[in-house]
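Colleague: no sequence for this one, just the structure:
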């Protein structure tokens, strides 16, 4: 069990560019979550997958954001036409219900800076 | 939307002291979790609580699920320098598809 991994760990981009982040959950974890965390705040829910199905999206997830989990394993989060307000830590978590259904294990995050 | 209020916002203590922090909400939660986050890293799960009144320990950490289901408490005994970090409470409400609602965190500093 290698834990949740995220790539890249840091991304600096210019406003208007597109960026894509990857998350590899703990193997056999069928639920995968994306959160966003800004300075001084706790993580905020963005979206969640059960296997390959995206089952819920937060209102925080504007039309510029899209997430996929095509084979029910890794997931990608894409932000199009980035804005300075998108600067944040993007966290991925996974869980395996019913055992430990609510226990989400987080990756190290991707720190996005939009200049 | 749902909000969790954590207090205190920050604590500065001496090594060896005990620490208490809490989390309150105006809404009922079915599950409470406590995480610790180091700078530049993701949150690490410390304790999960599933029943009102439940008291659970993990080493020097003890957490309780409040009877009203609207609060939770975390205690750290005999603090050590590596306890430094931000402690977050998170709650799961019924019908939420397991998504976590986080508080704003308690920043703990331990003076050796």
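Modeller: Alright, I've got the coordinates. Note that this is a predicted model, so its numbers are computed, not measured.
Colleague: near residue 109, how many other residues are there?
Modeller: Just going to use chain A. Using other C-beta atoms under 10 Å in any protein chain shown, residue A:109 has 26 neighbouring residues. Every residue, glycine included, has its C-beta placed from N, CA and C.
Colleague: hmm, I had chain B in mind actually
Modeller: With other C-beta under 10 Å as criterion, residue B:109 counts 13.
Colleague: residue of chain B closest to chain A, please.
Modeller: For chain B and chain A, the shortest gap (C-beta to the nearest C-beta) falls at residue B:102, measuring 2.9 Å.
Colleague: and for that residue, the neighbour number?
Modeller: Residue B:102, neighbours per other C-beta under 10 Å, totals 23.
Colleague: and it, its phi and psi?
Modeller: With angles defined as degrees, to the nearest 10, residue B:102 sits at phi -100, psi 150.
Colleague: surely it touches residue B:90?
Modeller: Yes. Between residue B:102 and residue B:90 there is a contact under C-beta atoms under 8 Å: 4.8 Å.
Colleague: overlap in contacts of those two?
Modeller: A:42, B:4 (C-beta atoms under 8 Å, 6 or more residues apart in numbering or on different chains).
Colleague: got a list of contacts for the least confident helix or strand in chain A by mean pLDDT?
Modeller: Every helix and strand of chain A was ranked by mean pLDDT, DSSP states H and E. The lowest is strand A:53-57, at a mean of 90. Residues outside strand A:53-57 that contact it (C-beta under 8 Å, 6+ apart): A:46-49, A:67-69, B:97, B:99.
Colleague: got the residues of chain A near chain B?
Modeller: Neighbours of chain B within chain A, by C-beta under 8 Å from any C-beta of the partner chain: A:4, A:6, A:31, A:33, A:35, A:40-45, A:48, A:55-56, A:91, A:93, A:95, A:97, A:100-109, A:111.
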